[in-house]
Structures are given as structure tokens and as C-alpha cells.
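*Asks:* next come a sequence and a model predicted from it.
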Amino acid sequence: MYDFAIIGGGIVGLSTGMALCKQYPNARILVLEKESQWAFHQTGNNSGVIHSGIYYKPGSFKAKFCRDGCRSMVEFCQEHGIDYEVCGKVIVATSEEELPRLENLYQRGLENDIKVKRISPEEVKEIEPHVSCVGGIHVYSTGIANYKQVCLKYAEIIAQQGGELRLNTRVENIVASGENLVLETNNGSFETRFVINCAGLHSDRIAKLGKVDPQAKIVPFRGEYYELKPEKRYLVKGLIYPVPNPEFPFLGVHFTRMIDGSVHAGPNAVLSFKREGYKKTDFDLRDFVEVMTYPGFWKLAAKHADEGIQEIIRSFSKAAFTKSLQKLIPEVQSDDLIPTHAGVRAQALMNDGKLVDDFLIIHGQNTVHVCNAPSPAATSSIEIGKAIVAQIPQQKHLQTMIA
């Protein structure tokens with residue numbers, strides 16, 4: 001019998017396990033992950049950025065958790081010797097038409113209590129000498145980290161506190177047993193008093209297994225990247241982003257210096273025909289049919305048809321991808337770019353075609369379901385974990401587990 005069982009061994013599931021260990025040091029805690037290693041999907045394939053929180057609506061979970069998480073993630077990396085760097089980033093307008101949006105973004109940064117500064121094209125060049133722009137914002141607190149190292153440390157802390165960690169264990173059903181729940185898996189059954197669903201790309205399906213309406217469907221978007229050849233890495237000192245279109249849910253292609261010194265360029269954002277589809281050829285019939293028969297997807301596609309077509313073109317045309325990057329750094333040439341790994345974003349989409357633009361946490365009977373936690377979930381992971389644990393209803397048997 002376990003007190004808590006967490007489904008999903010990505011950064012949110014592991015951070016929640018760590019927070020549970022701290023809050024309930026005498027509880028029996030179980031973390032289940034279907035893959036053979038931790039942080040295998042979204043966490044293991046993200047861009048490694050410690051986000052500042054500048055983009056998010058003031059007062060939202062994303063804004064608060066990201067701003068606070070930016071600090072707590074840096075402190076965690078410092079405490080545990082994990083590779084990180086607070087390098088800052090520039091967000092630049094490449095045309096006069098983008099300047100009003102740049103100003104709105106600057107004001108949002110101030111509203112979110114983030115250290116930001118408007119800078120001239122000349123000041124941008126002092127930070128990033130090869131960027132071409134008409135204006136910019138310097139965001140001081142943005143950084144980079146090795147999130148796989150972070151996840152391994154989370155898991156280590158859980159194990160040290162007596163938590164049980166099981167890889168290669170896929171949850172296939174959730175069955176009520178009196179006041180408890182039984183998780184039926186490919187590696188046996190586990191009875192628990194409380195379930196926390198952090199299943200990422202499959203969080204909506206796990207919620208349904210638990211007889212809970214996820215309120216949205218996970219639609220997978222693949223983000224494809226190139227990286228600069230080693231001899232061209234000098235073109236990028238830190239992080240360079242365009243001004244995002246507030247009507248479009250993605251940030252646009254950008255340059256990211258990774259913690260290992262490599263420089264990644266991208267991502268685009270295209271529909272994946274498989275929830276864990278990292279290649280263009282990946283296909284899963286169930287995943288495909290679910291998206292194609294979901295009214296919300298077609299409403300979203302109609303609204304963003306022009307942007308969607310451009311993303312698809314960039315997916316199949318290196319020249320088009322390069323052209324988008326040249327808006328930021330004109331010197332970049334197609335031959336400078338090498339294809340590298342892709343990531344898949346688990347984006348919750350509602351039936352009316354609206355993207356869930358904040359973290360979505362839903363409560364059931366003895367369950368909590370994290371049904372939308374895309375970027376900046378890695379940055380925010382410590383704060384999300386604490387918030388989930390704080391929302392767990394106090395139960396009698398738990399009172400004796402607080403030291």
C-alpha cells in the first residue's frame with residue numbers, strides 16, 4: 001500500500017515526488033515511468049532554457065511559477081553542482097512593424113516583476129554582435145541548464161528519502177478499491193491512497209482512466225531544430241529570440257546556446273502524427289485519428305492557417321528555415337546548419353479550438369491531474385511540484401506523516 005503514486009517520470013512528476021518527500025517524510029511514495037529512463041520525452045528533448053517568465057499573462061500560473069522557478073532552479077543547480085549559466089537573452093524586433101509588440105512585451109516584463117531593459121540596435125550588437133534589428137529587450141535572468149541532470153538529481157533525492165522509483169512500468173488502468181485506487185500496469189498492480197497524474201503527452205488519457213474529464217485533448221506538436229556547425233558557433237553568444245506573434249502560440253525560430261556550448265536554431269512547430277513522434281515519418285493510427293476527428297483541432301487550424309502553412313514549409317525546406325533565421329542573423333547560411341534532435345510539445349487544446357494557455361491542474365476523487373504543462377514547465381518544475389502538493393486535500397492518515 002502506497003500513500004501517493006505519481007504517474008510519469010518527467011521533470012514535473014519527479015519534482016512533485018521530491019515535494020511530497022519534503023512535506024510527508026514518512027509517507028510511502030511511488031513514481032512510475034513507462035520508459036527505461038527518466039526525462040525521456042518532453043524534458044529530455046527541450047532546449048534547456050531557464051525562462052524568465054516575460055511572455056506570460058500577469059497573474060497566471062505560468063507567470064508566477066516561471067518567475068519564481070527561474071530563481072529556484074538556479075538555486076537548485078548551485079546547491080547540487082548541476083551545469084547551468086545565467087546568460088541573459090535578447091528579444092529583437094527585425095522590422096518597424098514589430099516595435100509596438102516589442103514595447104508590449106517590455107511592459108509585460110515589468111508587470112511580471114522581471115528585470116528587463118529596452119535597448120537600441122547598437123546596444124543589441126554589444127551583446128550579440130551579429131544580430132540585425134531595429135530594437136530589442138535585454139532579459140537578464142534567462143539562463144540555460146542541463147535538465148536531464150536536474151531530473152536525475154530529483155530522482156536521487158526521492159530515493160534518498162525512501163521513495164520507490166520504477167522504470168519500464170506503464171499504467172494501463174486505474175481501478176477503485178474501496179477508498180483506495182489500484183494502478184494496473186505491465187509490471188503488476190499497485191494500490192495507493194492518492195494518485196498524481198504527470199503523464200505529459202498522455203495526461204488526458206490517464207485522466208480518463210481515472211474517470212476524470214481532462215477538459216481538453218493533448219495535441220502533439222513537433223519542434224524541429226538545426227544546430228550551427230562548430231566553426232560557426234561564434235555567431236551566437238547567448239540566446240536570441242524574435243518578437244513573438246501574440247496570436248500564435250509558439251515563440252518562432254530562435255538561437256539557443258546550449259549548456260554544452262553547441263548552438264541550436266529553431267524550433268518550427270508542426271503537427272505530429274504520433275504523440276511521441278520525433279521523426280517526420282513517425283505515425284500512430286490512434287493518435288492520428290484522435291486529432292483528425294477532434295473539432296478543436298480544425299478550429300485551431302482554420303484560425304492559424306497561414307502560420308501553419310509556413311511552419312510546414314519550414315519543416316520540409318531548409319532554405320525556408322534558413323531564411324527565417326537570417327532575419328535575426330543575416331550571416332547564417334544554409335550550409336552552416338546541421339539537422340539535430342526534435343522535441344514534441346504536449347499542448348492541451350479545447351473543443352472550441354482554443355489552446356490552454358496556462359498550466360491546467362484538475363482534481364478528482366483522490367487524484368490530481370496535470371493536464372497541461374508545456375514550456376515553461378521545466379523552469380517552473382520546483383514551483384509546480386510544491387503547488388500540486390499544497391493542493392492535495394488533507395487526509396487523516398497524512399497528519400502523522402508530517403515530521
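*Replies:* Perfect, I can see it now.
*Asks:* tell me the strands beside the host helix or strand of residue 31, with direction?
*Replies:* If you go by DSSP states H and E, residue 31 is part of strand 29-32. Its sheet considered, strand 29-32 pairs with strand 4-7 (parallel), strand 164-166 (parallel) by DSSP bridges.
*Asks:* right, and the ones you listed - which one's nearest residue 59?
*Replies:* Closest of the strands paired with strand 29-32 to residue 59 is strand 4-7, at 28.0 Å (criterion: C-beta to C-beta). To be clear about C-beta, it is placed using only N, CA and C from the backbone, and glycine gets the same treatment.
*Asks:* helices along the stretch 101-250 of the chain, start to end?
*Replies:* 121-127, 147-160, 203-209 (DSSP state H, counting those that start in this stretch).
*Asks:* repeat for the stretch 301-403 of the chain
*Replies:* Taking DSSP H, counting those that start in this stretch to define them, one finds helices in the stretch 301-403 of the chain at 305-316, 318-326, 377-391.
*Asks:* of all those helices, which lies closest to residue 368?
*Replies:* Nearest to residue 368 among the helices of the stretch 301-403 of the chain is helix 377-391 (5.9 Å), distances taken as C-beta to C-beta.
*Asks:* can you show me the CA trace of the closest one as CSV?
*Replies:* Taking C-alpha atoms only, helix 377-391 is exported to CSV below (Å, rounded to 0.1, in the frame of the first residue of the first chain):
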residue,chain,number,x,y,z
ALA,A,377,7.3,23.6,-17.1
ALA,A,378,11.0,22.7,-16.8
THR,A,379,11.9,26.1,-15.4
SER,A,380,8.8,26.0,-13.2
SER,A,381,9.1,22.4,-12.1
ILE,A,382,10.1,23.0,-8.4
GLU,A,383,7.2,25.5,-8.0
ILE,A,384,4.7,23.3,-9.8
GLY,A,385,5.6,20.4,-7.6
LYS,A,386,5.2,22.5,-4.4
ALA,A,387,1.8,23.8,-5.7
ILE,A,388,0.5,20.3,-6.5
VAL,A,389,1.4,19.1,-3.1
ALA,A,390,-0.2,22.2,-1.5
GLN,A,391,-3.5,21.4,-3.3
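*Asks:* if we can go back for a sec, lowest mean pLDDT across the helices of the stretch 301-403 of the chain, which one is that?
*Replies:* Looking at these, the lowest mean pLDDT belongs to helix 305-316 (a mean of 91).
*Asks:* check contacts around the nearest residue to residue 278 once chain neighbours are set aside.
*Replies:* Closest residue to residue 278 apart from its sequence neighbours, by C-beta to C-beta, 6 or more residues apart in numbering: residue 342 at 4.8 Å. Taking C-beta atoms under 8 Å, 6 or more residues apart in numbering as the contact definition, residue 342 lies against 45, 222, 223, 224, 225, 267, 278, 279.
*Asks:* need phi/psi at the spatially closest residue to residue 330 that is not a sequence neighbour.
*Replies:* What sits nearest to residue 330 in space, not counting adjacent residues and going by C-beta to C-beta, 6+ apart, is residue 132, at 5.3 Å. Dihedral angles of residue 132 (phi, psi; degrees, to the nearest 10) stand at phi -110, psi 120.
*Asks:* and residue 132, how many neighbours?
*Replies:* Applying other C-beta atoms under 10 Å, we find 16 other residues in the vicinity of residue 132.
*Asks:* hmm, back to that, how about the helices of the stretch 101-250 of the chain in a markdown table, adding mean neighbour count?
*Replies:* What follows is the helices of the stretch 101-250 of the chain, written out as a markdown table (neighbours: other C-beta atoms under 10 Å):
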| stretch | mean neighbour count |
| --- | --- |
| helix 121-127 | 14 |
| helix 147-160 | 20 |
| helix 203-209 | 22 |
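*Asks:* possible to save those helices as a markdown table with distance to residue 256 and mean pLDDT?
*Replies:* What follows is those, written out as a markdown table (distance: least, C-beta to C-beta, whole Å; pLDDT from 0 to 100):
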| stretch | distance to residue 256 | mean pLDDT |
| --- | --- | --- |
| helix 121-127 | 15 | 98 |
| helix 147-160 | 13 | 97 |
| helix 203-209 | 26 | 97 |
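*Asks:* looking at the ones you listed, which is nearest to residue 370?
*Replies:* Between the helices of the stretch 101-250 of the chain, helix 203-209 lies closest to residue 370; by C-beta to C-beta that is 6.1 Å.
*Asks:* give me the contacts around that closest one.
*Replies:* The contact list for helix 203-209 (C-beta under 8 Å, 6+ apart) reads 7-8, 171, 173-174, 197, 199, 213-214, 216-218, 346, 348, 362, 364, 369-373.
*Asks:* buried members of those residues into PyMOL, please.
*Replies:* Selection of buried members from the contacts of helix 203-209 for PyMOL, criterion 16 or more other C-beta atoms under 10 Å:
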select buried, resi 7+8+171+174+197+199+214+216+217+218+346+348+362+364+369+370+371+372+373
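*Asks:* report back the residue of this structure that's furthest from centre.
*Replies:* Residue farthest from the centre of the chain, counting by C-alpha atoms, centre = their mean, is residue 178 at 35.8 Å.
*Asks:* with adjacent residues omitted, what lies nearest to residue 153?
*Replies:* Here the residue nearest residue 153, using C-beta to C-beta, 6+ apart, is residue 80, at 5.0 Å.
*Asks:* how close does the one you found get to residue 150?
*Replies:* 8 Å (C-beta to C-beta, to the nearest Å).
*Asks:* give me the buried positions along the helix or strand harbouring residue 79.
*Replies:* Taking DSSP H and E as the criterion, residue 79 maps to helix 61-80. For helix 61-80, burial by neighbour count (16+ other C-beta under 10 Å) applies to 61-70, 72-74, 76-77.
*Asks:* please apply the same query to stretch 241-248.
*Replies:* Residues of stretch 241-248 classed as buried: 241, 242, 243, 244, 248 (neighbour count, 16+ other C-beta under 10 Å).
*Asks:* tabulate those residues (TSV), appending pLDDT.
*Replies:* Listed next are the buried residues of stretch 241-248 as TSV, based on pLDDT from 0 to 100:
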residue	pLDDT
241	97
242	96
243	95
244	90
248	69
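*Asks:* alright, I will stop here.
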